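**Q** got a structure for you, letters missing:
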């Protein structure tokens, strides 16, 4: 699944275009390397993104197959770290 779609489906960004812009500005990393919006995400990948005045580190536990309800979004990833940015 594309990175920008995944971030949007899991309610980690408000829109897909915000996710794409964050990737274009090198604010999203997969495995420690800057990621493009079109990067393919697999189960077990660790994603770090700097949005909304915080740096988030998540591990993808499973990939959604369709739309995800906001209350069910946390079933697809594990939050490893969240730090406020200055």
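**A** Received the coordinates, thanks. Quick caveat, the model's predicted, so the values are computed rather than measured. Residues are numbered from 1 along each chain as shown.
**Q** which stretches of this structure form helices?
**A** Taking DSSP state H as the test, the helices found in the chain are 3-9, 16-24.
**Q** Distance of residue 56 relative to residue 50?
**A** From residue 56 across to residue 50, the span is 8 Å (Cβ to Cβ, to the nearest Å). For glycine as for every other residue, the C-beta is placed from the backbone atoms N, C-alpha and C.
**Q** now do residue 59
**A** Distance check for residue 59 against residue 50: by Cβ to Cβ, it reads 17 Å.
**Q** now do residue 62
**A** The span separating residue 62 from residue 50 equals 24 Å under the rule Cβ to Cβ.
**Q** Which of these two has more residues huddled nearby?
**A** Neighbour totals were compared for residue 62 and residue 50, and residue 50 leads with 16 against 10 (other Cβ atoms under 10 Å).
**Q** Just give me the neighbour total for the residue nearest to the more buried one when sequence neighbours are not counted.
**A** Counting by Cβ to Cβ, 6 or more residues apart in numbering, the nearest residue to residue 50 once its immediate chain neighbours are dropped is residue 27, at 4.6 Å. Residues near residue 27, counting by other Cβ under 10 Å, number 16.
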